[in-house]
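Peer 1: Using only what follows, build the 3D model:
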Amino acid sequence: MNANTTQMNVMNIPLFDVPATSMPALMTVPEKNALKARIRDLLKRENAVMVAHYYTDPDIQSLAEESGGYIADSLEMARFGKEHEATTLVVCGVRFMGETAKILSPEKRVLMPTLEATCSLDLACPAESFSKFCDLHPERTVVVYANTSAAVKARADWVVTSSIAVKVAEHLAAQGKKILWAPDRYLGNYVEQVTGVDMLCWQGSCVVHEEFKTQALEMLKEKHPEAGVLVHPESPASIIALADVVGSTTQLINAAQQMPNPIFIVATDKGIFYKMSQAAPEKTFIEAPTMGEGATCRSCAHCPWMAMNGLDNLATTLESGNNEILVDPVIGQQAMVPLQRMLDFARQG
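Peer 2: Residues are numbered from 1 along each chain as shown. Here you go, the predicted structure:
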């Protein structure tokens, strides 16, 4: 049995259903404002602060801002929560983000609007299968993306976000180390191409970024020749090849603000348009195509799990105290090692 065959057998990536994207409950403006006011009161009552990801609904993001919370990528969400004086963190995003917040702030209560909001990258990388895969390649340094469970992080040497993945890979390559990477194969392939590091990739993918269509994007570029193309590196290589800027969520927002283009075609979750429009209100943002001729899309440029975060279930969670994120203390301590390594590296860089 050759190495490639062994690799595929051990990976055993599970099949999973992608939920239908849910729509926020229809409310009148007075109803929405009243619900937001109620949530703000509940946040004060519970000594809680909201942290929301860029991909959540604009109503969630705006409420986080209005209530003294924070909108960011997964790492900055957890770091803000750790440094904030609140004793309860309300994480609006997907489950691994709640787990990361709990690992960094084990003494705090971490709540989420729903515990059903997960991530295709997390689902595609079960801890037991991943651990066996690592055992087959003990000579490699294990680097995992933040979009993984606490148990997978606990098995890793490093955790990275998309903003520092290339820098960490270059750092390890300079030490002569080979990398075992998980779970996103597209981000892994991008890092390998940019750095030249010897990398063995797990074969997971993001249901949003995998759906962007190359030919349709080329046609959209022809229609808008003045547009800049912003691409998240979780996208396929053919999409990345069409980009003017490839970067993390924060890096793409900065590019939209700093580049002179009046229009941008954006290949990442369209939830990011809320902060992009704040950063560059005079500019126009267009979703990169997720379906081609005669095709339909699974995600339509919006994560169906992120869409599960709503004002209604946020209020219910704060009232009831349900949907608390718990992480086994041993796993949390083990996962903290590669997380702290990332935080220290980011601080130095």
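
Peer 1: Is it correct that Leu172 falls within a strand?
Peer 2: No: counting by DSSP: H, G, I helix; E, B strand; the rest coil, Leu172 is not found in a strand; it is helix.

Peer 1: Read off the pLDDT value for it.
Peer 2: pLDDT, Leu172: 97.

Peer 1: Surely it touches Val143?
Peer 2: Yes: under the criterion of Cβ atoms under 8 Å, Leu172 makes contact with Val143 at 7.4 Å. Just so you know, the C-beta spots here come from the backbone N, C-alpha and C atoms, and that holds for glycine as well.

Peer 1: any common contacting residues for these two?
Peer 2: Residues touching both Leu172 and Val143 (Cβ atoms under 8 Å, 6 or more residues apart in numbering) are Trp158, Ile179.

Peer 1: Kindly report the domain assignment for the chain.
Peer 2: 29-120+306-329, 127-205+332-348, 209-287 (automatic domain parsing).

Peer 1: thinking again about what came up before, and Leu172 and Val143? which has more neighbours close in?
Peer 2: Ranked by neighbour count (other Cβ atoms under 10 Å), Leu172 and Val143 place Val143 first, with 25 against 21.

Peer 1: Spatially, what comes nearest to that one if we skip its sequence neighbours?
Peer 2: Trp158 (4.5 Å; Cβ to Cβ, 6 or more residues apart in numbering).

Peer 1: now do the same end-to-end measure for stretch 150-169.
Peer 2: Its start and end residues considered, stretch 150-169 measures 21 Å (Cα to Cα, to the nearest Å).

Peer 1: no wait, stretch 269-284
Peer 2: 16 Å.

Peer 1: Could you list the buried residues of that stretch?
Peer 2: Residues Asp269, Lys270, Gly271, Ile272, Phe273, Tyr274, Lys275, Met276, Ser277, Ala280, Lys283 are the ones in stretch 269-284 that count as buried (16 or more other Cβ atoms under 10 Å).

Peer 1: Could you report the separation of His232 from Asn313?
Peer 2: With distances taken as Cβ to Cβ, to the nearest Å, His232 is found 27 Å from Asn313.

Peer 1: between these two, who's got more neighbours?
Peer 2: His232 (28 against 19).

Peer 1: Surely the more buried one is in contact with Val245?
Peer 2: No: here His232 does not reach Val245: they are 10.1 Å apart, not a contact under Cβ under 8 Å.

Peer 1: which neighbours do these two share?
Peer 2: Here His232 and Val245 have Leu252 as joint contacts, going by Cβ under 8 Å, 6+ apart.

Peer 1: Quick one: closest of the domains of the chain to Ser299.
Peer 2: Comparing the domains of the chain by their distance to Ser299 (Cβ to Cβ), the top pick is domain 209-287, with 5.2 Å.
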